[in-house]
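S.K.: all I have is the shape, not the residue letters:
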């Protein structure tokens, strides 16, 4: 025992010398002032060796050290890192370079010049709300998106299709009954818009929190183009009335019950009453529309020329609004029958309130279908725009975070209970303008928001004489952009021989135009889901053959040199993981490959191949097999086994073998039917008498 203690003490002494030497060396590099007190912990030895009261004078005393939890520091660092993902403004704003501000400032002001008249037009002309609702609905959500959004160029604002959906819903709910006139229609309209926008924000946020950002693929581009094209025509028909100055015809008491509801009915109604057209309004409308279209075409051509990039900064819509307002005031167009914007109520009022109030809550069930449809449309457009800009400017966007940010923008908009609100999502065209005019960060959205808020408090009084026909023309310009893309899409489908896509586009267009937007979009979503299920239920499976003079295998329909060596032996390769979705059609796919091979064939055709005597499934590319797929494979193997067809599996993974054992497949087929590679499987098949051993390469 004594020797052990001596050895222990000598070890402590040696350790003390080493520590002292290290401490001396470190003290030479950085002198440290040390104090000694009775609570100072020792650095050498263990706690038991220092309890004997002995002190050899070789210890170093340090001042009391504040205990800092490394786990707390790690958690704080992790929280800081995660906050950059969940709240992107904490990442880009501290690192913001003022060299980017000039570009963001010009981009923000350029987008604001487009958004101010556009948001007023959409709110009053499509949604049936006050122009002030459009301005506030654009300004407030833009600030929310700049804090939470991941796309640096995405421009948040109203969309024509969503504003039209909102307007149709409000029209049916408030003015749908011709025998009942509401006491406060503007309050009911605002409550409906608030509840619908709140639900849109809630639905979109939940999709993002559930990490369902991939759902933007539910609507194919063909279906989306068909829907948007039909919406463009519907908007054009709706705006013909204010462009021709025929509002008094629709609101005439004698025609109140005969007022049309469907788009084609409105078109026929308008054509029948062309004798009531206000000529000054019509001249103003079509002259303004021609000006905007000509300005857009000229800008597109001028930008392509050297030194013509400055042309894109000219806000032709703002120029039209200012010019028409000034002319209307000086020429007194109001006396000639031209409807003007007039005094806007509540210019300086604070528009915020609690969205879940009593008046809005009574519409909860009524607005839910429209909210869901609007959320689907807005999400698809916004994600496409975000991805386009991210790819163009070389950074990554998170679809899930985009959904949360878009949900937050609409939730913020739903607090505009005084004026009402309209759904807010990203726009492809405005986002392109934002990037082309210099926008490189979300600061451009903040600038646009600030400009809109300033216009609310200082600009609205000067818009008293703004003709309503001008606002209708601004909306119609969107129709021009939509319809201009349709011929290109049709030509593209024709060149690609994509008849299925063309039929999807045409079918959605007809349903939306002749019935309703809701029916058109629901039919589009259902058809898209059916197509997705159809594609995913078709397993990727190919007949493979050996390349002469090698041990390489290739699909016989892709490589003409690949050969099937043994008659009656079907060798197939499964090219994807198996699940309940795609394994259900596996039996039918194998039957068709067995009898007809690759290529198209009708079920009534005579078989082109002999029935298989053995089936080898190459499973090398099958990464996962779920429980349902295992059961289907077992039933498939049992059916072949009862027919006397030998079923073999090659290159199957060990974990999958365990699942096969659980279901009883190894007991059914035997352990000799599971092989490490195709060579072993072919050798086993030949030994069973399916090949000619004299010429066998595997014996």
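M.R.: Nice, I can see it. Note that the coordinates shown come from a computational prediction; the quantities given were computed from them, not determined experimentally.

S.K.: list the contacts of the nearest residue to residue 674 once chain neighbours are set aside.
M.R.: Nearest residue to residue 674 in three dimensions, chain neighbours excluded: residue 649, at 5.2 Å (CB to CB, 6 or more residues apart in numbering). (C-beta placed from N, C-alpha, C; glycine too.) Residues in contact with residue 649, defined by CB atoms under 8 Å, 6 or more residues apart in numbering, are 616, 617, 619, 660, 673, 674, 675, 681.

S.K.: out of the residues you listed, list just those in strands.
M.R.: 616, 617, 674, 675 (DSSP state E).

S.K.: okay if I get the residues you listed as CSV plus distance to residue 215 and neighbour count?
M.R.: Converted to CSV, the ones in strands among the contacts of residue 649 look like this (distance: CB to CB, whole Å; neighbours: other CB atoms under 10 Å):
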residue, distance to residue 215, neighbour count
616, 39, 24
617, 33, 23
674, 39, 22
675, 41, 21
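
S.K.: output the residues you listed as CSV; include the columns distance to residue 492.
M.R.: Written out in CSV, the entries for the ones in strands among the contacts of residue 649 read as follows (distance: CB to CB, whole Å):
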residue, distance to residue 492
616, 42
617, 39
674, 48
675, 47
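
S.K.: and which of these is nearest residue 686?
M.R.: Nearest to residue 686 among the ones in strands among the contacts of residue 649: residue 616, at 11.5 Å, using CB to CB.

S.K.: flag every buried residue along stretch 307-324.
M.R.: Taking 16 or more other CB atoms under 10 Å as the basis for neighbour counts, the residues of stretch 307-324 that come out buried are 313, 315, 316, 317, 320, 321, 324.

S.K.: select from those every entry located in helices.
M.R.: When helices are assigned by DSSP state H, the members of the buried residues of stretch 307-324 inside them are 316, 317, 320, 321, 324.

S.K.: you'd agree the third one is up against residue 289?
M.R.: No. Under the criterion of CB atoms under 8 Å, residue 320 is not in contact with residue 289, lying 9.6 Å apart.

S.K.: got any residues that touch both of these two?
M.R.: By CB under 8 Å, 6+ apart, residue 320 and residue 289 have these common neighbours: residue 473.

S.K.: in this protein, what secondary structure element scores lowest on mean pLDDT?
M.R.: For the chain, scoring each helix and strand by mean pLDDT, DSSP states H and E identifies helix 2-29 as the least confident one, at a mean of 40.

S.K.: would residue 404 count as being in a helix?
M.R.: Yes. Residue 404 sits within a helix when classified using DSSP: H, G, I helix; E, B strand; the rest coil.

S.K.: sorry, back to before: quick one: which of the contacts of residue 649 is nearest residue 563?
M.R.: Taking CB to CB as the measure, residue 616 is the one of those closest to residue 563, at 14.9 Å.

S.K.: for that closest one, give its distance to residue 682.
M.R.: The span separating residue 616 from residue 682 equals 7 Å under the rule CB to CB, to the nearest Å.

S.K.: shared neighbours, those two?
M.R.: Taking CB under 8 Å, 6+ apart as the contact definition, residue 616 and residue 682 share the neighbouring residues 569, 571.

S.K.: show me where the stretch 351-500 of the chain has its strands.
M.R.: Assigned by DSSP state E, counting those that start in this stretch, the strands in the stretch 351-500 of the chain fall at 424-427.

S.K.: pLDDT weak spots in this structure?
M.R.: Per-residue confidence for the chain (pLDDT under 70) gives these ranges: 1-69, 178-179, 216-219, 250-259, 261, 346-349, 690-699.
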